[in-house]
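> Quick one, structure for this:
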Amino acid sequence: MNRPLPLNALHVFNVAASELSFARAADRLFVTHGAVSRQIRSLELAVGLPLFERRNRAVFLTPAGERLHATTRQIFEQLDSTLASLQPARRTQPLVVSCEPTLAMRWLIPRLAAFADAHPDIALHLHSAGGPLDLASAGVDVAIRRNDFFWGHSLVAETLADEWIGPVGLPATFGRAQLHTRTRPHAWQDWQRAMQRAGASPHTLPRFDADAAPPPFEHFYLSLQAAGAGLGAAIGSVYMVGDELSAGRLTAPHGFVRDGSAYVALAREPFDRHPAREALLNWLRISLAASARPWIGTHAPQ
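Down below sits the predicted model:
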């Protein structure tokens, strides 16, 4: 045979031989049953041999059809593999994460390089925001929040870590003033109640001159910055001050206690349905626990 076989007919034959059905082959190829029959007939004319035996409305490969199918199956599998290898690598979609501003600035951002080293195939896009959020309209995959508000019934929430709080400041200026913030207006009262629940005597808790306190800072982050600048003591989350405690830039003479709240990861679907989100969830839990471990339980209430 000198003339080349029609490639399209070979492709139709390969699909029909795999399905042993012209109707199913037509469905896979998005053509009519008649179009499949015509292509098979043209190939049989070109080969000069019947390739299918038709009986009782079913089709079966003839010995010649079986031999040809063994070859076409291998050819088209190799062709698919080669074409796939020629395609540029598809970049995975970045994982969009919304995180409370203070936690993002003082804990998450300093650890993004560690996450990238652990998961080089996952690109994170970080948004800084707090409180309620419409994940769908904001294009956010995962939101990291403290569970101090109601986020509705449509989101999946996974607990990341309990919140541990305590007063922090510079050793020389710790007792200068009690620093407050509008975003956590009851932080000092929450800490005092938590200490008393843990067994601390009220007279052992620090006292400050109320007249010396500056006006409340607008954000939690600013109150911690003020404590680090020597203006007094601020209530800090162990996660947000742990690095400065390790470096000796802050002190926490009363340690840290649970305040009853926790950090959670919010998503629209269960995390185990998305490998990248599940990887982030596990990394957050491990990393938060590791950063808090040196500082929790080190100062028992008196």
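
> The helix or strand harbouring Leu245 packs against which elements?
Assigned by DSSP states H and E, Leu245 falls within helix 238-247. Packing contacts for helix 238-247, counted by 3 or more CB pairs under 8 Å, 6 or more residues apart in numbering; DSSP states H and E, involve helix 101-103, strand 156-168, helix 220-228, helix 275-292. C-beta here means a position set from N, CA and C on the backbone, and glycine is covered the same way.

> and the first one, how far out from the chain's middle?
Helix 101-103 has its average C-alpha position 18 Å from the chain's average C-alpha position, going by CA atoms, centre = their mean, to the nearest Å.

> coming back round to it: and whichever helix or strand comes after the helix holding Leu245, which strands flank it?
As assigned by DSSP H and E, the chain's next helix or strand after helix 238-247 is strand 257-267. Using DSSP bridges, the strands paired with strand 257-267 in its sheet are strand 142-146 (antiparallel), strand 156-168 (antiparallel).

> Need the helices and strands packed on helix 238-247 in CSV (columns: distance to Leu250 and mean neighbour count).
Output for those, formatted as CSV (distance: least, CB to CB, whole Å; neighbours: other CB atoms under 10 Å):
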stretch, distance to Leu250, mean neighbour count
helix 101-103, 14, 21
strand 156-168, 5, 20
helix 220-228, 6, 22
helix 275-292, 14, 17
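
> and of the ones you listed, who's closest to Ala114?
Ala114 lies closest, by CB to CB, to one member of the helices and strands packed on helix 238-247: helix 275-292, at 7.3 Å.

> Contacts for the closest one next, please.
Here helix 275-292 makes contact (CB atoms under 8 Å, 6 or more residues apart in numbering) with 92, 95, 97, 107, 111, 114-115, 118-119, 122, 124, 141-142, 144, 158, 160-161, 164, 238-239, 242-243, 256, 263, 265, 267, 271-272.

> Now list the buried members of those.
95, 97, 107, 111, 115, 119, 122, 124, 141-142, 144, 158, 160-161, 164, 238-239, 242, 256, 263, 265, 267, 271 (16 or more other CB atoms under 10 Å).

> could I get the helices and strands packed on helix 238-247 as TSV with distance to Ala212 and mean pLDDT?
Putting the helices and strands packed on helix 238-247 into TSV (distance: least, CB to CB, whole Å; pLDDT from 0 to 100) gives the following:
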stretch	distance to Ala212	mean pLDDT
helix 101-103	24	93
strand 156-168	15	96
helix 220-228	13	92
helix 275-292	31	96
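
> residues in contact with the closest residue to Leu135 other than its chain neighbours?
Nearest non-adjacent residue to Leu135, counting by CB to CB, 6 or more residues apart in numbering: Arg268, 5.5 Å away. Contacts of Arg268 were listed using CB under 8 Å, 6+ apart, and they are Leu135, Ala136, Ser154, Leu155, Val156.

> which residues in the stretch 51-200 of the chain form helices?
For the stretch 51-200 of the chain, applying DSSP state H, counting those that start in this stretch gives helices covering 63-86, 101-103, 112-118, 135-138, 187-197.
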